[in-house]
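> turn this into a structure:
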Amino acid sequence: MEFQAELSQTLDKTPACLDGLSSLIELPWIEQALQATGKASIRRRRLPAEHVVWLVIGLALFRNQPIWHVVRQLDLVLDAPKAVCAPSAAVQGRQRLGDEPLAHLFKQLTQAWGAQRDAQAPGLNGLRVLAVDGVVWSAPDTPENRAGLGCCANQYGVGSWPQIRAVCLMDTHSHEL
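Numbers count the residues shown, from 1 in each chain. Model prediction:
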């Protein structure tokens, strides 16, 4: 329950707009990720694959907003400024994109940002400072998740939610996992 409260508090710190976000993630990186995974838009769409990548990033940052609002906030629709596309078009674009381009982009970003970090902050006596932490996420209570993940149990019986446990290694300077 504490994790949910902490997560809710981050909503207060989310910026109203993301005008400066494009300066952190360069367009060639997105295009390279789409080309490498075969997900680049071939057809001319109102919501091309490059914009769907920005949509997924925007949805992560504006998770309390509806998808159409994020599309409009980030001005992702081609042909008209601040145009609105059907929410189903955004959902279909996200499904078409899949997770491979985002995984590829993440690897590119961590390499680029890690190289910048290494140049800026050498760490402690030339060593990189890392931290280890654990986390537990509750997964949706489905038969597939119960079969694959199992459930916790105590003296009162089986728990109500399957759980995913993870151990994370984090760079203490950049906070990258």
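
> Arg45: what secondary structure?
coil (DSSP: H, G, I helix; E, B strand; the rest coil).

> centre of the chain to the edge, which residue is at the far end?
Gln155 (37.4 Å; Cα atoms, centre = their mean).

> pLDDT below threshold where in this protein?
Counting by pLDDT under 70, the ranges of the chain that qualify are 1-22, 43-44, 78-85, 114-123, 174.

> what about 90?
1-99, 106-130, 133-143, 145-166, 168-177 (pLDDT under 90).

> do a quick rundown of the helices in it.
2-12, 27-37, 49-61, 67-73, 87-97, 100-120, 143-149 (DSSP state H).

> so what touches the second one?
For helix 27-37, contacts defined as Cβ atoms under 8 Å, 6 or more residues apart in numbering pick out 40-41, 49-50, 53-54, 98, 100-102, 104-105, 108-109, 112. Where C-beta positions appear, they are placed from N, C-alpha and C, glycine not excepted.

> what residues sit buried inside it?
30, 32-34, 37 (16 or more other Cβ atoms under 10 Å).

> over to the third one?
When neighbours are counted by 16+ other Cβ under 10 Å, the buried residues of helix 49-61 are found to be 49-59, 61.

> how about the last one?
Judged by neighbour count (16+ other Cβ under 10 Å), helix 143-149 contains these buried residues: Asn145.

> counting contacts, what elements does it pack onto?
For helix 143-149, the packing partners by 3 or more Cβ pairs under 8 Å, 6 or more residues apart in numbering; DSSP states H and E come out as strand 157-171.

> buried residues in the strand it packs on?
162, 171.

> show residues contacting it.
Contacts of strand 157-171 (Cβ under 8 Å, 6+ apart): 114, 117, 128-141, 145-146, 148-153, 176-177.

> please redo it, this time with the cut-off set to 7 Å
128, 130-139, 141, 145-146, 149-153, 176-177 (Cβ atoms under 7 Å, 6 or more residues apart in numbering).

> what separates Val71 from Leu127, distance-wise?
44 Å (Cβ to Cβ, to the nearest Å).

> ok, now Gly38?
Gly38 is 39 Å from Leu127, by Cβ to Cβ.

> follow-up on the earlier one: whichever of the contacts of strand 157-171 end up buried, select them in ChimeraX.
Of the contacts of strand 157-171, the buried ones go into a single ChimeraX selection, burial set by 16+ other Cβ under 10 Å:
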select :145
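
> on that earlier part again, ok, so of the contacts of helix 27-37, who is nearest Glu26?
Using Cβ to Cβ, the shortest approach to Glu26 within the contacts of helix 27-37 belongs to Ala112, at 8.5 Å.

> and that closest one, how many neighbours?
Residue neighbour count, defined by other Cβ atoms under 10 Å, stands at 13 for Ala112.
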